[in-house]
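> Below are the sequence and a predicted model for it; my questions follow.
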Amino acid sequence: DAGVIQSPRHEVTEMGQEVTLRCKPISGHDYLFWYRQTMMRGLELLIYFNNNVPIDDSGMPEDRFSAKMPNASFSTLKIQPSEPRDSAVYFCASSLIRGGNYGYTFGSGTRLTVV
Amino acid sequence: GQSLEQPSEVTAVEGAIVQMNCTYQTSGFYGLSWYQQHDGGAPTFLSYNALDGLEETGRFSSFLSRSDSYGYLLLQELQMKDSASYFCAVQTGANNLFFGTGTRLTVIP
């Protein structure tokens, strides 16, 4: 298995532009998570899906952020408009079942820089 | 709410043993996980404890005391490649995993 695949690896954009981050989870994993990592705040859960349905989006910082999962093999995280404070590494992760004992598999992340 | 506390940095000698602690306060608790993250890399799952006691996987062991809201990760026979950040994470319910701020381990020759 190729693991969780994220694209792009790096994204530099200007403030005010729309940014779309993409994720392909591991086939058969029912849960998909979007995390954001910064030095100040560490790893924060933004939103997660179960069987393509958003379950908890309470971590989404504001209305500028939106996430979709149109099918079991693809999810997007969109920021519109982007701001410099959105600069971070965004990770997508997937897991097989509910529960921590199997762990989450993280993608390589997208390093977003908003200038 | 929830909070997790981890020492920010630890330095240890190659071949030695190191223990990294984690204390937590949560409104719900299902288990404690540990993840390793190398600079520029993704977090990778190491271990999970749902019950009190020690879980061993090769050179890595993880311990949990639910009554003390405390756990630790023990690394034996340290190698240079173990230099990384180590995060504890509490599963608070549903499928929410709440991460600590991590301990940066530096292994020196």
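Yes, it's here.

> so where's chain B shaky on pLDDT?
Chain B contains residues with pLDDT under 70 at B:94-95.

> Contacts only, for the residue in it that chain A sits nearest to.
Residue nearest to chain A within chain B (CB to the nearest CB): B:F45, separated by 2.9 Å. Backbone N, C-alpha and C define where each C-beta goes, glycine included. By CB atoms under 8 Å, 6 or more residues apart in numbering or on different chains, the contact list for B:F45 reads A:102-105, B:33-35.

> got the contact list for the top strand by length along chain B?
When chain B is parsed with DSSP state E, its longest strand is strand B:84-93. For strand B:84-93, the external contacting residues (CB under 8 Å, 6+ apart) are A:42-43, A:99-100, B:2, B:4, B:6, B:20, B:22, B:24, B:26-39, B:43, B:46, B:71, B:73, B:97-105.

> returning to what we had before: among the contacts of B:F45, name the buried ones.
Neighbour counting over the contacts of B:F45 (16 or more other CB atoms under 10 Å in any protein chain shown) leaves A:103-105, B:33-35 as the buried ones.

> Now the two most distant members of those residues.
Within the buried ones among the contacts of B:F45, A:T105 and B:W34 form the most distant pair, 14.8 Å apart (CB to CB).

> if you skip the residues just before and after it, what's nearest to the closest residue to chain B within chain A?
Nearest residue of chain A to chain B: A:G103, at 2.9 Å (CB to the nearest CB). In space, and not counting its chain neighbours, A:G103 is closest to B:F45: 2.9 Å by CB to CB, 6 or more residues apart in numbering or on different chains.

> what angle do the host helix or strand of that neighbour and strand B:84-93 make?
Using DSSP states H and E, B:F45 maps to strand B:44-49. Strand B:44-49 and strand B:84-93 are oriented at 50 degrees to each other (axes from the mean of the first three to the mean of the last three CA atoms, to 10 degrees).
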